[in-house]
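In: Dropping a prediction and its sequence here:
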Amino acid sequence: MKVKSKLLQVSFAVVLISGCAIAGTQNPAELNDLEIAHVAYTADNIDIRYAHLALAISNNPAVREFAETMVRDHTAVNQQALALLYKLKASPVDNFLSQQLTVQSEQLVNEMKQLSGAEFDARYANNELAYHKAVNGLVENSFIPNIENMQVKALFEKGLTIFKAHERHAETMTSSLK
């Protein structure tokens with residue numbers, strides 16, 4: 001089970017960073033603003049789902065505090081993003097990366113549902129650290145440099161600041177669970 005978990009975690013990060021889809025190789029840097037918005041919205045919703053799972057399974061105060069932070073912050077960013085899209089009279093566009101994130105998150109949720117106690121806490125914490133590192137790298141290196149709309153770019157820059165703080169928080173949480 002641990003080997004499978006590590007492989008899933010590594011494959012998830014590789015897909016995020018390289019943008020490889022099942023049907024072929026595509027580049028996240030080539031996504032347009034509305035496709036990028038969909039990836040970000042999807043990634044936020046996935047992390048909210050992971051957090052709700054942690055709140056349902058974990059009794060660890062550090063894990064629960066982190067999960068509550070994820071729900072609060074990712075929900076707030078998604079609300080800001082939706083408000084901006086409404087203002088711009090635009091809709092996010094589904095794409096290969098959003099779809100791949102969704103498929104992989106389903107696999108991970110099904111895996112984590114089978115865990116409990118310290119094993120769940122460690123898996124959740126390690127995933128959150130890897131997830132934030134991968135998403136933050138994608139946002140910083142592929143998305144922000146390629147976003148054309150300045151309002152959208154500003155929202156992503158603001159969100160990245162928040163999500164880098166999540167990454168540091170996840171590092172602290174994983175260290176405390178060892």
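Out: That came in fine, so what should we check first?
In: Quick check: which element contains residue 101?
Out: Here residue 101, judged by DSSP states H and E, is contained in helix 96-113.
In: Tell me where this structure is predicted with low confidence.
Out: Scanning the chain for pLDDT under 70 picks out 1-25.
In: So which residues of it form strands?
Out: With strands called from DSSP state E, the chain shows them at 20-21, 24-25.
In: And stretch 33-52, what's buried?
Out: For stretch 33-52, burial by neighbour count (16 or more other CB atoms under 10 Å) applies to 33-51. Every residue, glycine included, has its C-beta placed from N, CA and C.
In: let me fix that: stretch 159-167
Out: For stretch 159-167, the neighbour count (16+ other CB under 10 Å) marks 159, 160, 163, 166, 167 as buried.
In: In CSV, list these along with distance to residue 177.
Out: Supplementary listing: the buried residues of stretch 159-167 in CSV, determined by distance: CB to CB, whole Å:
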residue, distance to residue 177
159, 26
160, 26
163, 21
166, 16
167, 16
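In: Quick one: list the elements packing against the helix holding residue 101.
Out: helix 2-18, strand 20-21, helix 33-57, helix 117-138 (3 or more CB pairs under 8 Å, 6 or more residues apart in numbering; DSSP states H and E).
In: could you dump the ones you listed to CSV with distance to residue 171?
Out: Shown next, in CSV, are the helices and strands packed on helix 96-113 (distance: least, CB to CB, whole Å):
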stretch, distance to residue 171
helix 2-18, 15
strand 20-21, 26
helix 33-57, 16
helix 117-138, 6
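In: nearest to residue 154, of those?
Out: Of all the helices and strands packed on helix 96-113, the one in closest proximity to residue 154, counting by CB to CB, is helix 33-57 (12.3 Å).
In: which non-adjacent residue is nearest the residue nearest the centre of the chain?
Out: Nearest residue to the geometric centre of the chain (CA atoms, centre = their mean): residue 43, 4.0 Å. Counting by CB to CB, 6 or more residues apart in numbering, residue 43 lies nearest to residue 135, which is 5.3 Å off, once chain neighbours are set aside.
In: Could you check how far residue 170 is from residue 126?
Out: The gap separating residue 170 from residue 126 is 9 Å, by CB to CB, to the nearest Å.
In: Between the two, which is the more surrounded one?
Out: Each of residue 170 and residue 126 has its neighbours counted (other CB atoms under 10 Å); residue 170 has more, 23 against 17.
In: Which of the buried residues of stretch 159-167 fall in helices?
Out: Among the buried residues of stretch 159-167, the members falling in helices (DSSP state H) are 159, 160, 163, 166, 167.
In: Closest to residue 114 out of those?
Out: For those, the nearest to residue 114 is residue 166 (25.1 Å; CB to CB).
In: Was I right to think the closest one contacts residue 129?
Out: No: assessed by CB atoms under 8 Å, residue 166 is found out of contact with residue 129, at 9.4 Å.
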